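*Asks:* For reference, the sequence and a predicted model appear below.
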Amino acid sequence: MDKWVFFERNLLALSAHNPALCSQFSAAETTRGRYKFLDSLSGELIPALVDYSGAAHALHSTVDPVREAERLVSTLSKDRNGLPAEGFVVFMGLGAGFAPLAALNSGVSHVLIIDYDINGVAELLCSRDYIALLGDPRCTLLVDPPPGLIESVILELYQPALCGGIKTLPLRSRTELDKQNFGAAADAIQQTIEKVSADYSVQAHFGMRWFANIIRNLAAAQRQNRSAPPIREAAICAAGPSLDNQIALLSQQKDKAGAQKLFVISADTALPSLLHRGIRPDAVVSIDCQHISYYHFMGMDCADIPLFLDIASPPLLAGFSNHPFFFSGGHPLAAYITQEWRPLPLLDTSGGNVTYACLSLAESLGAQHITVYGADFSYPSGRVYARGTYIYPFFERRQERRCPLEAQLSSFLYRSPFLPAENADGEILPPYETAALRLYRANFERKISTMKARVSAAAGRGIPLAIREKSPSLSPDARHRIFTLFAPGKMVMDAADFLEQYRHDIAALPVFAGTAAGYLRNLNADQRRVFITLLPQTAALRHRRPELAAGDLLEAVKSYCVNEIDKIGDSHP
């Protein structure tokens, strides 16, 4: 068959799913001699990449490349149904497409193929028929992608709960001849996998709790009709042990502020410690969805203190304050609520801990100078929290002769391994630091570096924050923008009516068939928005019932969500 016939047929197959790339191929050159083509003993045409010296390197077995590809794909682990457990496969290098096609034939959910040099790939498309590969909706081809595009495509296509695991299979004979590009691609893939894995792990633990909390908080969110005022100077109080020694400094800062009121923002964990020392914060922030959050507020005289709550917080928390402010922390259902029911203020909680959320709140309210207290991000002297925080009375109530308070505190301290101190030749030195705390500190420092406000930290016993000095800067319209940001928008309908409509839309989602990418592609825009709100619950149920096939899993998630919404209706006739 003439090479141009191959080329046109392949582009036609590609255009159905990737018209932009098809357009790029139309402008590519196919006469640069990037490849030579050889016949294998089994009769298959195989490409050989020509290097700068003119030597040709065969990309596949010259004996039986099809069998070689099948052996490679057979290394993918299988689930209990005999299908690939690693359902999302990234192939580094296209070649003749033997391995990606074998993967599709084995039943994987999706293959992503990455290659470089569009002129060279165009020559490949002139050499043989790739229709079975490029025409399959489960296949995505990227040519000359920057690392950011690789990340965004994987994040868009890969749904761990429905696809299973993810695996990278390099075409070694291709990647070895372009180590720079494929090395950058491998780094982007690894970083994206780590990001997806961390997010999926959190969803697997909290997905159902998030959902149950959010739908039960809508009634309280409906009553919210106040906006948070803009501020100029703020103090953020975390609950690290250094807070014990910094209370006096905080009191001095409040007295010094005088008429220019210092706005004190407390992490929920630090609230008891502050109140026991006679300092009443101007706001408290809570983002944890777990019921342990109740212990920060029980017995506290805090009804007059505004409480800023993630919409996924435990429902009873709103009752501890006469002035609850609900915000969206980025949960898919919270975003859906903002689009379809009532716009909620958005607060950056991506740092993973409540101190980061406090910093985000201070920024959102327009603070130009922020002082941070109690942010140790470590365990100085082997202590985990400041005095007065929930952990001490919590363990006191649980202690007994065989498990005293000290033993419980020690167990809590050593629940995660300590990391060697940075720049300390591998030694583990105080103040002790875990992987999670180091990540929180890095996120906190990164957040500070992007802010216009001037941020400083009170001297403490933890690991000092790396803060670069800068002058405060605030745009003229920032005060108005921030003020409107933390006022909830107008409701489209009553919360009960919204939940009833949402319940109907969940139940009406089509039965899952095929692959996750194919299922998403067949949903209309409204159905897709509803489906995305179910992903955290899907991860959580997958964690609990790994034996479920993708279709059964989605039906179980739909049933769970519908039943949870019905419980609210039953309790409020």
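*Replies:* Yep, that arrived. Residues are numbered from 1 along each chain as shown.

*Asks:* So, low pLDDT: which residues of the stretch 301-450 of the chain?
*Replies:* Counting by pLDDT under 70, the ranges of the stretch 301-450 of the chain that qualify are 423-429.

*Asks:* show me the contacts for the residue nearest to G382 when sequence neighbours are not counted.
*Replies:* Nearest residue to G382, sequence neighbours excluded (C-beta to C-beta, 6 or more residues apart in numbering): L413, at 6.1 Å. Every C-beta, even on glycine, is put in place using the N, C-alpha and C of the backbone. Residues near L413 by C-beta atoms under 8 Å, 6 or more residues apart in numbering: 379, 382, 384, 432.

*Asks:* CSV for those, including secondary structure, neighbour count and distance to S251?
*Replies:* Below are the contacts of L413 laid out as CSV (DSSP: H, G, I helix; E, B strand; the rest coil; neighbours: other C-beta atoms under 10 Å; distance: C-beta to C-beta, whole Å):
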residue, secondary structure, neighbour count, distance to S251
Y379, strand, 23, 25
G382, helix, 13, 27
V384, coil, 19, 24
Y432, strand, 23, 29
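
*Asks:* For H110, what are phi and psi?
*Replies:* Backbone torsions of H110, given as degrees, to the nearest 10, read phi -160, psi 150.

*Asks:* hmm, I was thinking of R280
*Replies:* Backbone torsions for R280, taken as degrees, to the nearest 10, come to phi -100, psi 110.

*Asks:* ok, which stretches of the stretch 401-550 of the chain are helices?
*Replies:* Ranges of helices within the stretch 401-550 of the chain are 405-413, 435-450, 478-485, 495-507, 516-522, 525-533, 535-544, 550-571, based on DSSP state H, counting those that start in this stretch.

*Asks:* For my notes, please list those in CSV and give distance to R216 for each entry.
*Replies:* Listed next are the helices of the stretch 401-550 of the chain as CSV, based on distance: least, C-beta to C-beta, whole Å:
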stretch, distance to R216
helix 405-413, 29
helix 435-450, 28
helix 478-485, 25
helix 495-507, 10
helix 516-522, 28
helix 525-533, 15
helix 535-544, 15
helix 550-571, 6
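
*Asks:* follow-up on the earlier one: where's the residue nearest to G382 relative to P230, distance?
*Replies:* Between L413 and P230 the distance is 40 Å, computed by C-beta to C-beta, to the nearest Å.

*Asks:* burial count for the nearest residue to L554 once chain neighbours are set aside?
*Replies:* Counting by C-beta to C-beta, 6+ apart, F512 is the residue found nearest to L554 once chain neighbours are left out, at 4.3 Å. Per other C-beta atoms under 10 Å, the neighbour tally for F512 reads 20.

*Asks:* which residues touch D310?
*Replies:* Neighbour list for D310: 286-287, 289, 326-329, 331, 334, 347, 349, 357 [criterion: C-beta under 8 Å, 6+ apart].

*Asks:* Who wins on neighbours among those residues?
*Replies:* Counting neighbours by other C-beta under 10 Å, the top entry in the contacts of D310 is F327, with 28 neighbours.

*Asks:* related to what we said a few turns ago, shouldn't the residue nearest to L554 be in contact with A556?
*Replies:* No. F512 is beyond contact range of A556, at 10.8 Å (criterion: C-beta atoms under 8 Å).

*Asks:* mind showing which ranges of the stretch 1-150 of the chain have poor pLDDT?
*Replies:* Scanning the stretch 1-150 of the chain with the threshold set as pLDDT under 70 gives 1, 78-85.

*Asks:* Quick one: name whatever helix or strand follows the longest helix seen in the chain.
*Replies:* Secondary structure of the chain per DSSP state H: the longest helix is helix 179-223. Counting by DSSP states H and E, the element after helix 179-223 in chain order, helix or strand, is strand 233-237.

*Asks:* ok and the longest helix of the chain relative to helix 495-507, angle-wise?
*Replies:* Per axes from the mean of the first three to the mean of the last three C-alpha atoms, to 10 degrees, the angle that helix 179-223 makes with helix 495-507 is 140 degrees.
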